[in-house]
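Student: structure for this input, please:
(chains A and B)
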Amino acid sequence: MEEILRLKNISMLYPTAKQEDFQALVNIDLSVNEGDFICVLGPSGCGKSTLLNIIAGLLKPTSGAAEMRGKPITGTDPHRGMVFQFPALYPWLNTRDNVAFGLKMRGVGKKMVQTEVDKYLGLVGLSEFGSSRIYELSGGMKQRAQLARVLINQPDLVLMDEPFGALDALTRGGMQDLIRNLWMQIKNTVILVTHDVDEALCLATRIVVLTSRPGHIAGEFKAEFTRRIASGEADCQYTSEYIALKKELMGIIRSA
Amino acid sequence: MKEKRFEKNHKIVTVVTVAVILALWFLATNLHWIDTRIFPTPQATWKAFVAVCSGGYKNHTLLQHLSASMGRLFLAFGLAAVTGIIMGLVCGWSAYARAVFEPMIEFYRPLPPLAYYTLLVLWMGIGNESKVALLYLACLPPIFITCCAGVRGISPLYLESAETLGASKRKVFVHIILPACLPDIITSLRTAIGVGYSTVVAAEMVAATSGIGWMVLDASNYLRNDIVFAGIFVMSFTGIVIDQALRLLEKKAVPWKGRV
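Tutor: Have a look, this model is predicted:
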């Protein structure tokens, strides 16, 4: 598998009122291959979102470098789509126009935009809600709309910042299945940040554990439960391997 | 359902209140509880209204006086809206632009407009120019300040998401900042026209030869309280109509207001 993203010795300091700067991230090294589904797992305040913002190009690291396909990341790029925890859909546009936003900004022709919007609304199951106003959608539907808005740009790398954190448990389960199916269908690369161990276990092909003070990588694990769930083996969450890995992950997070 | 019924009850209370006040006015003046030279009867006010509508007051009909005032107001308001919105949005966006314009506006904003009106009259005469300039200056700060604050209050998520979706800085301004500030823009216009309206009446009372404010002041010099009353009612209704028009605009233009 070809490498799509490389983080080289990234550190991030935030100035504080005290003498010493706050170390959000230190010496982060990570290599991501095409087709990976990476879950960055860690407690709140460990710098997960900071890391994601650096990859997105929204933040510049204090030291170190992030490269996508060998080219340094200097700013945002539609090839790196970002799904935020809160959907941030634009209330002055209806659902269709929200999904079409990226294509319109990049000057794609009207007809092409129409067919693409129909396709992606269908993929996230919102075909009937294209003309709905944003405030008429439920929380889960908003998150689906945001997903469509990001995926329509056909980003090679999709970044997700705790995308289901604000959803109820039932909706979250449905959204996880949707994300997994889309990933298997589109075959893109995903980096998802979460504090939920089960979410990481049932979505990721690789789990990167981040612990705080200062934020650093405490361990990396391969997981294949997501493929097993996709092939119909939903019960793998109750197997001893699953429970063993969960125990190990919890142990690292607790002891940090 | 329940809310609808309450709404209806509110309306009934409003109608009853207005009716009671009108009845008291009618009784108090017609039964001579108060002197009608100071406080005219409703009938006299109505008669004065009809008279100034058809015959006019000092060579001009009521409509002409009113349109003189409204012409000044809307010319100045339009100019202030265009420049204020652009300046406000740009200053909310750029700290450098803010550093240039903010001190100028903050300097004269606390002044009551009539304080510098004398200067404007001295420079431009008592014709329309000085009044339009005065109203422009009165309308500008509320628009500028609210638009500026509106930009700075935009959720960073709107800007970051637009950026990651591939929008350039210029496109972010047009497609995100402008629509996101629309609720603030309309609120600022409502405030500005309120300030402008009270200023136009006051300015006409200080120095003018036409306009609804001038008509009321001139009539009071001749103790024509019936005309004063009629003029004040006309001003009040005009103000209500303008504000309702802007509210309607708000409903049409920003249906999402208060729902996100």
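Student: any idea which element the most centrally placed residue in chain A lies in?
Tutor: Centre of chain A computed as the mean C-alpha position; nearest residue by Cα atoms, centre = their mean is A:M160, 1.9 Å away. Under DSSP states H and E, the secondary-structure element containing A:M160 is strand A:157-161.
Student: ok, now A:V40?
Tutor: Secondary structure assignment for A:V40, by DSSP H and E: strand A:37-41.
Student: next, the angle strand A:37-41 makes with the helix or strand just after that strand.
Tutor: The C-terminal neighbour of strand A:37-41 among helices and strands, as given by DSSP H and E, is helix A:48-56. In terms of direction (axes from the mean of the first three to the mean of the last three Cα atoms, to 10 degrees), helix A:48-56 departs from strand A:37-41 by 140 degrees.
Student: mind checking if helix A:48-56 is in reach of chain B?
Tutor: Yes: counting by Cβ under 8 Å from any Cβ of the partner chain, contacts between helix A:48-56 and chain B involve A:A56. Bear in mind the C-beta positions are built from the backbone N, C-alpha and C, glycine included.
Student: so where do the helices sit in the chain?
Tutor: Chain wasn't specified; assuming chain A. In order along the chain, chain A carries the following helices (DSSP state H): A:48-56, A:95-105, A:110-123, A:139-151, A:169-186, A:197-203, A:225-230, A:240-255.
Student: nope, chain B
Tutor: Listed in chain order, the helices found in chain B under DSSP H are B:2-30, B:42-54, B:62-93, B:95-108, B:113-124, B:128-152, B:156-164, B:169-172, B:178-206, B:212-221, B:225-253.
Student: and the third one, is it in reach of chain A?
Tutor: No: for a cut-off given as Cβ under 8 Å from any Cβ, helix B:62-93 has no contacts with chain A; the smallest distance is 15.1 Å.
Student: now for that helix, which elements pack on it?
Tutor: Here helix B:62-93 is seen to pack against helix B:42-54, helix B:95-108, helix B:128-152, helix B:178-206, helix B:212-221, helix B:225-253 when contacts are counted using 3 or more Cβ pairs under 8 Å, 6 or more residues apart in numbering or on different chains; DSSP states H and E.
Student: hang on, the earlier thing: in its sheet, what does the strand holding A:V40 sit against?
Tutor: Next to strand A:37-41 in the sheet, as set by DSSP bridges, lie strand A:189-194 (parallel), strand A:206-211 (parallel).
Student: please identify the most buried of those.
Tutor: Mean neighbour counts were taken over these using mean count of other Cβ atoms under 10 Å in any protein chain shown, and the top value, a mean of 24, falls to strand A:189-194.
Student: give me the angle between it and strand A:157-161.
Tutor: For the pair strand A:189-194 and strand A:157-161, the angle between their directions (the same axes, to 10 degrees) equals 10 degrees.
Student: the domain parsing of chain B - what is it?
Tutor: B:1-34, B:41-253 (automatic domain parsing).
Student: now the closest residue to chain B within the stretch 151-256 of chain A. Its backbone dihedrals?
Tutor: When you check the stretch 151-256 of chain A against chain B by Cβ to the nearest Cβ, the closest residue turns out to be A:N153, at 6.5 Å. For A:N153, the backbone dihedrals are phi -70, psi -10 (criterion: degrees, to the nearest 10).
Student: do I have it right that it meets A:N188?
Tutor: No: using Cβ atoms under 8 Å as the test, A:N153 is too far from A:N188 to be in contact (10.8 Å).
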